[in-house]
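A.B. asks: Here is my input, please return the structure:
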Amino acid sequence: MKITKAESFILHVPITPPITDAINVATHWGVTGVRIETDEGITGYGYTGTCAKGDEMIADTIDRYYAPVLIGKDPFMVKQLWEEMRFGPMHWIGRAGVTHMALAAVDIALWDIMSKAAEKPLWQYLGGHKPEGIKAYNTNGGWLNWSKERLIEDMSAILDQGFTAVKMKVGKPNPREDYERVEAVRRAIGDHTGLMIDVNQQWNITTAMTWGKKLEQFDLIWLEEPLNPDDIANHKKLADELNVPIALGEHVYNKYAFRDYIAQGAVEYVQVDVTRVGGVTEWLQVAGLAAAYDLPVCPHVGDMGQIHQHLVAATPGAVMLEYIPWIRHIFEEPATVKDGFYVLPQQPGASTTIIPQYFEQYRVR
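C.D. replies: As a prediction, the model looks like this:
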């Protein structure tokens, strides 16, 4: 099998209603990636996720620097291709951010091709571990722009759908308001529902130490991205001092950074995101690293779960997966949760094939 064509695409899928966390205001979700064709008629799709900003830089990196590497190559040589792209011209100017998100999209498309050729869903192609499904937690009711009343209403509705764990955003200018919102949600959902909070990097170490201690009483599963993601030393300090486990990985872009976080004891839930590290190839390496330290993997879902459902289903140490349903309708086999569990995909591939109607409807040219 040989690759005959590789072309980037940008889709902007509306989010209704728009949402905010402590960093972003999002009206659309960017699905920016690549479609790779082969001489055997198999087409692979891979993508990364954005807040619909900067997509043109990712697409240009794919077309200008990564696609030429692929033409005429065997997609089953994915690890060799990964190294050739990773250590190619873009290595000089960036080993994270745009360059790695573009690399992730290409790598995902190659794994999509391989599992389609094997006529297996990716989770089986990788070696399955959770045939009964994956426990899901829901983030889509906990946005920072929701009033306290809507926050409680949406969290309660999520529980009625069968979810047993929810995540909410914090990071208000006054942490006392965060405290009051968490207190109200815990009271509304009861003591037996799992609750996580996500700061989106908005605290300094002093704020995190002070308010993290205060929030421990609400029996949180984890405290997510409390600090700047490059600050390993203060994350270690926080992990040492708080009883609430520290979760992060959304803005950690390669295995070496994860190695340093894990080895120093600065992270307790590893949220490696396949669309931020260099795709499936590097995600599997990070998951293996976490396994060596017996740390749980709970990915951040820049892909909205389409690819991660396969990775979690094939990884013994992956214990749960985030659910946000914004883009599921655009895929031939959408990520689906029933009674609080992901229903594992059955079609060959990585569940990244986009319905042509939506590909054209949302495409940015």
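
A.B. asks: When you work out contacts or count neighbours from here on, use the C-alpha atoms and nothing else.
C.D. replies: Fine.

A.B. asks: confidence score at the residue nearest to Thr315 when sequence neighbours are not counted?
C.D. replies: If the residues on either side of it in the chain are set aside, Thr315 comes closest to His129, at 6.3 Å by Cα to Cα, 6 or more residues apart in numbering. Looking at His129, its pLDDT reads 95.

A.B. asks: His129 contacts Ala313, correct?
C.D. replies: Yes: His129 sits in contact with Ala313 when judged by Cα atoms under 8 Å, with a separation of 5.6 Å.

A.B. asks: Helices of the chain, residue ranges please.
C.D. replies: Assignment of helices within the chain using DSSP state H yields the ranges 55-61, 67-70, 78-86, 98-117, 122-125, 148-160, 175-189, 205-215, 232-241, 255-263, 280-292, 308-313, 356-361.

A.B. asks: Nearest to Ala335 among those helices would be which one?
C.D. replies: helix 308-313 (7.6 Å; Cα to Cα).

A.B. asks: in this protein, which residue is closest to the centre?
C.D. replies: The residue lying closest to the centre of the chain (Cα atoms, centre = their mean) is Val301, at 2.3 Å.

A.B. asks: Touching, that residue and Val312? I think so.
C.D. replies: No: the criterion here is Cα under 8 Å, and Val301 misses it with Val312 at 11.3 Å.

A.B. asks: name the helices or strands packed onto the longest strand seen in the chain?
C.D. replies: For the chain, the longest strand by residue count, based on DSSP state E, is strand 3-20. Packing contacts for strand 3-20, counted by 3 or more Cα pairs under 8 Å, 6 or more residues apart in numbering; DSSP states H and E, involve strand 25-38, helix 55-61, helix 67-70.

A.B. asks: What's the mean pLDDT across it?
C.D. replies: On average, strand 3-20 scores 95.

A.B. asks: Which positions within it qualify as buried?
C.D. replies: 3-14, 19 (16 or more other Cα atoms under 10 Å).

A.B. asks: And for stretch 207-224?
C.D. replies: Neighbour counts over stretch 207-224 (16+ other Cα under 10 Å) mark Ala208, Met209, Gly212, Leu215, Glu216, Phe218, Asp219, Leu220, Ile221, Trp222, Leu223, Glu224 as buried.

A.B. asks: dump the residue contacts of the last one.
C.D. replies: Shown in contact with Glu224 (Cα atoms under 8 Å, 6 or more residues apart in numbering): Met196, Ile197, Asp198, Val199, Asn200, Ile246, Ala247, Leu248.

A.B. asks: Kindly report the same for the second one.
C.D. replies: Contact analysis of Met209 by Cα under 8 Å, 6+ apart lists Leu238, Glu241, Leu242.

A.B. asks: are any of these buried, and which?
C.D. replies: If we count by 16+ other Cα under 10 Å, the contacts of Met209 have these buried: Leu238, Leu242.

A.B. asks: ok, so of the contacts of Met209, who is nearest Gly97?
C.D. replies: Leu238 (25.5 Å).

A.B. asks: And the closest one, how far from Leu223?
C.D. replies: 10 Å (Cα to Cα, to the nearest Å).

A.B. asks: Overlap of the contact sets of these two?
C.D. replies: Joint contacts of Leu238 and Leu223 (Cα under 8 Å, 6+ apart) are Ile246.

A.B. asks: ok, Met320 - contacts?
C.D. replies: Counted by Cα under 8 Å, 6+ apart, Met320 has contacts Ile134, Lys135, Ala136, Tyr137, Val297, Cys298, Val312.

A.B. asks: where does the protein dip in pLDDT?
C.D. replies: Counting by pLDDT under 70, the chain shows no low-confidence range.

A.B. asks: how is it carved up into domains?
C.D. replies: Listed domain ranges for the chain are 3-120+355-361, 123-342 (source: automatic domain parsing).

A.B. asks: how about those in CSV, adding distance to Pro348?
C.D. replies: Below are these laid out as CSV (distance: least, Cα to Cα, whole Å):
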stretch, distance to Pro348
domain 3-120+355-361, 4
domain 123-342, 9
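
A.B. asks: Select, out of those domains, the one closest to Gly349.
C.D. replies: So among the domains of the chain, domain 3-120+355-361 is nearest, using Cα to Cα, at 4.5 Å.

A.B. asks: How far off centre is that closest one?
C.D. replies: 14 Å (Cα atoms, centre = their mean, to the nearest Å).

A.B. asks: picking up where we left off before, now the residue nearest to Thr315: how far from Tyr179?
C.D. replies: In terms of Cα to Cα, His129 sits 38 Å off from Tyr179.

A.B. asks: Can you mark which positions in stretch 234-252 are buried?
C.D. replies: 234-236, 238-239, 242-252.

A.B. asks: Correction: the previous question concerned stretch 145-159.
C.D. replies: So for stretch 145-159, counting by 16+ other Cα under 10 Å, buried means Asn145, Trp146, Lys148, Leu151, Ile152, Asp154, Met155, Ser156, Ile158, Leu159.

A.B. asks: My guess is the fifth one contacts Val182. True?
C.D. replies: No: with contact taken as Cα under 8 Å, Ile152 and Val182 are classed as non-touching, separated by 9.8 Å.

A.B. asks: More neighbours: which of His129 and Ala313?
C.D. replies: Neighbour totals were compared for His129 and Ala313, and Ala313 leads with 28 against 19 (other Cα atoms under 10 Å).

A.B. asks: Does that one touch Glu132 like I think?
C.D. replies: No: the pair Ala313 / Glu132 is not scored as a contact, 9.1 Å apart, by Cα under 8 Å.
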